[in-house]
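*Asks:* return a 3D structure for these sequence lines:
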Amino acid sequence: MVPKSTGFYFPVLLFFASGALIHIPYSFDEISLELNKFNNEYYDRFFKYVTVLGDGLLIILVGFLIRPFYNRLSNKIFISYLFVSVICSLLKHVLFKGLPRPLEHFNELYPYLNLVDGVHISRLNTFPSGHSAAAFMLFALLAFQFRNVFVQFCFAVLAIITAFSRVYLFEHFLRDVLAGAFIGLGISTLTWYVYERKIRATDQPVIP
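*Replies:* Okay, the predicted model is just below:
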């Protein structure tokens, strides 16, 4: 079973709810343009580096670093990341192949956009956000492992900030990161449930 994770789920559900509600009065492109007006050098520097938390290499590194101490958690991270990568790749490069990212969508407004120096911005295959999916997958699994409510809340904040960085950096629309976050959260929850159920069914010795 998935452990009680109120500290993680509560802020995450608020993120999903607010993200969905804001799409009622505003279109996906209006949201991106409005957010793009709030760039400044401090935010630029912050989100430029925090977005790395959703990078695949970091996910793999975390999996290996915790393996000597949390073998089962490490396995769950690798399994979840595999499924997240496959699903996001199929959606990006098959089902929604060529769907324009913000920079391509607003190509005519390029001179007026606030873009962050040193960040390579892609133009196509925007849906869903792979970084958001990976970040939510990782931090959800960490939240399931560590039951402290405050620690879970911190993991939720990190996942949300990482996802938001993709919108701030003009890499994705808000709809893309919401979809990616949903995929990451869903895969991590399913992986944890199935893995723990299988462990209990086979009566294997408990290894952290």
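
*Asks:* quick one, what contacts the most centrally placed residue in the chain?
*Replies:* Nearest to the geometric centre of the chain sits residue 132, at 2.0 Å (CA atoms, centre = their mean). Residue 132 is in contact with 54, 162, 163, 166, 172, 176, 177, 178, 179, 180, 181, 184, counting by CB atoms under 8 Å, 6 or more residues apart in numbering. (Glycine included, C-beta is placed from N, CA and C.)

*Asks:* not including adjacent chain positions, what is the nearest residue to it?
*Replies:* residue 180 (3.3 Å; CB to CB, 6 or more residues apart in numbering).

*Asks:* kindly report the same for residue 117.
*Replies:* Nearest residue to residue 117 in three dimensions, chain neighbours excluded: residue 44, at 7.3 Å (CB to CB, 6+ apart).

*Asks:* now residue 88
*Replies:* Nearest non-adjacent residue to residue 88 (CB to CB, 6+ apart): residue 130, at 4.5 Å.

*Asks:* wait, isn't the one you found in contact with residue 180?
*Replies:* Yes. Counting by CB atoms under 8 Å, residue 130 touches residue 180, with 6.4 Å between them.

*Asks:* looking at the two, which one has more neighbours?
*Replies:* The neighbour comparison of residue 130 against residue 180 (other CB atoms under 10 Å) goes to residue 180, with 30 against 25.

*Asks:* ok, the more buried one - contacts?
*Replies:* 88, 128, 129, 130, 131, 132, 133, 136, 163, 166, 172.

*Asks:* likewise for residue 162?
*Replies:* 50, 51, 53, 54, 131, 132, 135, 139.

*Asks:* any chance of the backbone angles for the fifth one?
*Replies:* Backbone geometry at residue 131, expressed as degrees, to the nearest 10, gives phi -60, psi -40.

*Asks:* now do the shared contacts for residue 130 and residue 180.
*Replies:* residue 88.

*Asks:* now residue 31: how far from residue 24?
*Replies:* From residue 31 over to residue 24 the distance is 11 Å, taken as CB to CB, to the nearest Å.

*Asks:* higher neighbour count, the two?
*Replies:* residue 31 (18 against 6).

*Asks:* now do the helices in this protein.
*Replies:* Per DSSP state H, the chain carries helices over the ranges 6-22, 28-36, 41-50, 56-66, 71-90, 102-105, 130-145, 149-168, 174-202.

*Asks:* same for the fifth one, what does it pack against?
*Replies:* If you count contacts as 3 or more CB pairs under 8 Å, 6 or more residues apart in numbering; DSSP states H and E, helix 71-90 packs onto helix 56-66, helix 130-145, helix 174-202.
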